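In: Just need the structure, nothing else, for what follows:
(chains A and B)
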Amino acid sequence: MDLKNLESLSFFYPEIILAGTILLLIVVDLLVRSQRLLATIAVIGCLGSLLATLDLYSGQQGWLFHRMIILDNFSLFFKVFALVATILTVWMSLGSDEIRQVHQGEYYTLLLTCALGMFFMASSSNLLMAYLSLEMVSLTSYVLTGFLPHNRRSSEAALKYLIYGGVASGTMIYGMSWIYGMTGSLDYAAIQAALTQSEVSKVTLFMAFVFILAGFGYKIVFVPFHMWSPDVYEGAPIPFTAFLSVASNAAGVAIMIRFFFPGVSRLGDDGAWALVSGVEWPHVLLLLSMITMTVGNLCALNQRNLKRMLAYSGIAHAGYMMMGLTVLTNEGLTAILFYVVVYLIMNLGAFLVVVMIANATGNEEIESYRGLAWRGAVIPAACFAIFLFSLTGLPPFAGFVGKFFLFAAVLNQGGVFVILALVAVLNSVISLYYYARIVKTMFLDSPNPGERSLSIAANNFTLLIPLTALTIIFGIYFSPLVYYTRQSLRFFVK
Amino acid sequence: MEHVLSYMTFIPIAGMVVVLLLPSNSANLIRWVSAAFTVPPLLMACWLFANFDTTKPGLQFVERASWIPAYNIQYLVGVDGLSISMVLLTALLCFLCIFASWGIDKGVKGYFALFLLLDAGMMGVFVALDFFLFFIFWEVMLLPMYFLIGIWGGPRREYAAIKFFLYTLFGSGLILLAIIALYFGSEPHTFDMTVLMSQASRYGTDVLPFWPFNVLGWGFQHAVWMALFIGFAIKIPAFPFHTWLPDAHVEAPTAISVILAGVLLKMGTYGILRTNFPMLPVATADLAFWFLGALGAWNIIYGAFCAMAQKDLKKLVAYSSVSHMGYVMLGMASFTTQGINGAVLQMFNHGTITGMLFLLVGVIYDRAHHRDIEGFGGLAAIMPLYTGVTALAFFASMGLPGLSGFISEILVLLGTWQKYPVLTIIGASGVILTAGYLLWTMQRVYLGPPNEKYKNLPEINGREMFTLVPLGAIVILVGIYPNVVLDLLRASLDHLNQIVLPHLHS
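Out: This is a model prediction of the structure:
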């Protein structure tokens, strides 16, 4: 279906509810200054939007608003994802001392606006819309990164983020202009039609793709567009760092899959995607994937600040996820969707522990984790260990299953992709070293003499325990998640 | 008793949960509860031993349930002659090691909880017949091992723990890739080991057209074989992947050393016999001489020479393990009835004998707080009973007739002689080296004038004897009547040999 503006509204509930919540938050913030109330409103709004999204799932598919955005299972999957990430982040923010100092109303407003931007990132079917949604997410992210008042690191990180983001999106829109020049259209379907029908210069098209990749790559954080991430992770308030690491990454994955797969490629009968003009695309992605995971893991080895380490680990995980893109099959894409969900659970869990410990000790240096398990924080330490081993990809945790599917997708292709799988295995071994170093610091090292035992606030456990449980459950019984991701890989093309 | 194998695997996990719920200050309660949870698996192991049909080569006590249907992943467990001896060994050693851990007084709750998880992981590896399940158990075992060495180990425990972890993870990464490759090679795609075995002919042996495979003349099957082999060789540990072992053994607490040597090392050779042999028979036939036979012979000699040079008693035992596992590899490579039966019997015997050796080292370390071979002398006069048990273990380890080590080593050498006389001579000379370093150690530690410093060392106590006596009894029993174990193995191993034999060239 191809709907006009007013008709589209009836398929636009989730966004309307979310936008309404954002406005409500601004108004309420003027009247009452209560963090709890604001967070409750934000969560209720997100839940409402979530219900509306689930209601549309597997329903009608089509273009909305004159082919500006697409409604299909794929976009709904990422909408659900963004909402879940937002709800968890709001929950996490409630338990964070850092957030308690900042302007509450603005914080939640911006967070939800960011989520709204992600909605559009996942569903845009027009280059202009893609650019605008990406900028919407970026702009709110810049502000939220610099949200800690009178904090040099936070402000510096925001500025760096802004500059890198400006360059990346500038490059991207330049690439888009090339595409427009070649095809005369901004609409994905029209672009695809033009590319298949008329002869276009392969080199030009390839260059245009590389430019566009800069913008997407900067959101997914892969090398060489990764430089902003360690500083931003270190400077931003921890709950927002957590949000950034999972939701922003996932939205980048969504917009990239949307553009490169149903946008400009064609799905064959065998579940393999063929790029219209025979550009040697997989090899570029293959190389990028290998470099990204290796650089991320090697840089993480010597980090002393936990947020920086998690930033580099995030880069490495972006590299793993790209393995699924390189093979250009539906199997690979399913593996990515699966990994994104698993990564959400384990990475948010890891950041939640960082929040808890930062509340108790006031910093995020690894040194302050020394002997954590023997200082009255054995449950957070054990949960952290589970999240970290899951990030490494050890069974019986969810991270293993995620990696397993990625490896399976890559090995199924055979040939040169076996090298990619081998590099990924080596990278898992490298990553174990730094993840296990944290575990070692928490469990194997004895606390410094004279260090008092920590008082861990109990309110964060309500979130920590479910996340840990999910990490284990999805490691052992992942059938439902597999089903859900397979269902979600349904694109509306025409 | 339909689900006996599942009970054996999951009762320790139930034990772990119970231990975690106990108050952490009641150390003795935790110890007794943990011990109680290792008794049912031991009793079930005895029941298995009594009810195992030794005439059948196939799998017995099989349980099958669908687990992740979308990927054809099953919960599939069972035992055959290959795994039953390992299951018995695991059940026995886990029970005994609980008592060998009695002296642990730091973080008792954590220690025993992790120990029980380790127990479950090991049992699972030996009974799992679905590759996915196998891999999960294989990795589940790593985590408790890392913590057990890293928290309760010696002075360099952190280094040893992470080294063990990294080596093994590298190996298991390769195993995972091989598993996926086998999965996609089968039709319909499956992780079921029994199906993979029956589809062995599907895995191509045509030479792959790119380096290094075109030079070596290796096909897909050889590449997968190599990935699996490296993964398992790290566990064995075969030269040059053995360097984690001395570190891990020396730093680990006594009971964990026993488990490491007694059970974990066997997983390497078990894995090769379980997967490489029946699933990739052509590659096995092509590669066994160099990678199992020659490497095994080299392991024997190399391990023995390294052991001879050690000053630390525990390190000596660790290197003797490297040497003794070489016999297993050598026997496997011969593809003769004696050779392969000897190899698996050696796996069992090494578990009991080295288990004893590590327990004995632990006894002396608990008293003297060092393990320096040169630092003792004349212990025989001070602790005669202890010395007697040690002598039994030493003689068994060196292969004295009448004790279990002799039977397995002679079987291996007899089997190998028919195929590779040169390797047999090299392997047999390892026996002399073994006698050399063990007798030399005997002389330096136990004989000679008593060391004044240790005049008042207490004699070995009842609890320690309790852990040693069952192992010693098995060593003597198998030495006199090896058919107790051999009967279990024979049918399955002959069947295994028959799969590979048609593909051998000579």
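In: CA only for contacts and neighbour counts going forward, please
Out: OK.
In: could you pull out the strands for the stretch 251-400 of chain A?
Out: Remark: strands assigned in the stretch 251-400 of chain A by DSSP state E, counting those that start in this stretch are A:265-267, A:273-275.
In: got the residues of chain B near chain A?
Out: Contact residues (CA under 8 Å from any CA of the partner chain) of chain B with chain A: B:67-70, B:136, B:139-140, B:147, B:150-151, B:158, B:162, B:166, B:169-170, B:173-174, B:177, B:180-181, B:184.
In: does A:A214 really touch A:V167, like I thought?
Out: No. Applying CA atoms under 8 Å, one finds A:A214 not in contact with A:V167, separated by 9.0 Å.
In: more neighbours, these two?
Out: A:A214 (25 against 13; other CA atoms under 10 Å in any protein chain shown).
In: The residue of the stretch 301-450 of chain B found nearest chain A: neighbour count?
Out: For the stretch 301-450 of chain B, the residue closest to chain A is B:H369, as judged by CA to the nearest CA, at 21.5 Å. When neighbours are defined as other CA under 10 Å, B:H369 has 10 of them.
In: Could you do A:V246 as well?
Out: A:V246 has 25 neighbours, counted by other CA under 10 Å.
In: and if you look at A:S446?
Out: By other CA under 10 Å, 16 other residues sit near A:S446.
In: pretty sure it is in a strand, no?
Out: No. Under DSSP: H, G, I helix; E, B strand; the rest coil, A:S446 falls outside any strand and is assigned coil.
In: Now it: closest residue in space that isn't a chain neighbour?
Out: Leaving aside its sequence neighbours, A:S446 sits nearest to A:G371 (CA to CA, 6 or more residues apart in numbering or on different chains; 4.7 Å).
In: Point out the residues in chain A that sit beside chain B.
Out: A:394-396, A:407-408, A:411-412, A:421-422, A:425-426, A:429, A:432-433, A:436, A:440, A:443-444, A:477-479, A:482.
In: among these, which are in strands?
Out: Per DSSP state E, strands hold no members of the residues of chain A next to chain B.
In: And those, which of them are buried?
Out: Buried members of these, counted by 16 or more other CA atoms under 10 Å in any protein chain shown: A:394-396, A:407-408, A:411-412, A:421-422, A:425-426, A:429, A:432-433, A:436, A:440, A:443-444, A:477-478, A:482.
In: give me the residue from the stretch 151-300 of chain B nearest chain A.
Out: B:I151 (5.0 Å).
In: can you pull the contacts of that residue?
Out: Contacts for B:I151 (CA atoms under 8 Å, 6 or more residues apart in numbering or on different chains) come out as A:443-444, B:157-158.
In: Quick check: A:L348 vs chain B, distance?
Out: Distance, A:L348 to chain B, by CA to the nearest CA, to the nearest Å: 22 Å.
In: which one is that residue nearest to, not counting chain neighbours?
Out: Sequence neighbours aside, A:A242 is the residue nearest to A:L348 in space, at 5.7 Å (criterion: CA to CA, 6+ apart).
In: now swap in B:Y75 and tell me
Out: Leaving aside its sequence neighbours, B:Y75 sits nearest to B:A65 (CA to CA, 6+ apart; 5.0 Å).
In: Report the secondary structure element holding the one you found.
Out: Taking DSSP states H and E as the criterion, B:A65 maps to strand B:60-68.
In: name the helices or strands packed onto that strand?
Out: For strand B:60-68, the packing partners by 3 or more CA pairs under 8 Å, 6 or more residues apart in numbering or on different chains; DSSP states H and E come out as strand B:73-79.
In: and the strand it packs on, what does it pack onto?
Out: Against strand B:73-79 (3+ CA pairs under 8 Å, 6+ apart) you get helix B:4-21, strand B:60-68, helix B:108-127, helix B:131-140.
In: what packs against the third one?
Out: In terms of contact count using 3+ CA pairs under 8 Å, 6+ apart, helix B:108-127 is assigned the packing partners helix B:4-21, helix B:27-51, strand B:73-79, helix B:81-100, helix B:131-140, helix B:142-152.
In: A:A274: which of these is closest?
Out: Across the helices and strands packed on helix B:108-127, A:A274 has its closest neighbour in strand B:73-79 (30.6 Å, CA to CA).
In: quick one: that closest one to chain centroid distance?
Out: Here strand B:73-79 is found 21 Å from its chain centre; the criterion is CA atoms, centre = their mean, to the nearest Å.
In: Report how many residues lie close to A:G175.
Out: Per other CA under 10 Å, the neighbour tally for A:G175 reads 24.
In: Quickly find the element holding it.
Out: Here A:G175, judged by DSSP H and E, is contained in helix A:152-183.
In: quick one, what contacts B:M197?
Out: For B:M197, the contact set (CA under 8 Å, 6+ apart) comprises B:275, B:278-279.
In: and the gap between it and B:V500?
Out: To B:V500, B:M197 is 12 Å away according to CA to CA, to the nearest Å.
In: Quick check, B:F61 in contact with B:L76.
Out: No. Checked against CA under 8 Å, the pair B:F61 and B:L76 is beyond contact range at 10.4 Å.
In: Of these two, which one has the most company?
Out: Between B:F61 and B:L76, counting by other CA under 10 Å, B:L76 is the more crowded of the two (24 against 19).
In: ok, for that one, nearest residue in space, not its chain neighbours?
Out: Per CA to CA, 6+ apart, closest to B:L76 is B:R64, 4.5 Å.
In: Could you find the closest non-adjacent residue to residue 254?
Out: I went with chain A, as the question did not name one. Nearest non-adjacent residue to A:A254, counting by CA to CA, 6+ apart: A:A122, 5.2 Å away.
In: um, chain B though
Out: Closest to B:T254 by CA to CA, 6+ apart is B:G362, at 5.4 Å.
In: Show residues contacting the helix or strand of chain B with the lowest mean pLDDT.
Out: Taking mean pLDDT, DSSP states H and E as the measure, helix B:213-216 is the helix or strand of chain B with the lowest mean score, a mean of 82. Here helix B:213-216 makes contact (CA under 8 Å, 6+ apart) with B:207-208, B:219.
In: Out of these, which end up buried?
Out: B:207-208, B:219.
In: Can you add pLDDT and give those residues back as JSON lines?
Out: Below are the buried ones among the contacts of helix B:213-216 laid out as JSON lines (pLDDT from 0 to 100):
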{"residue": "B:V207", "pLDDT": "79"}
{"residue": "B:L208", "pLDDT": "79"}
{"residue": "B:G219", "pLDDT": "86"}
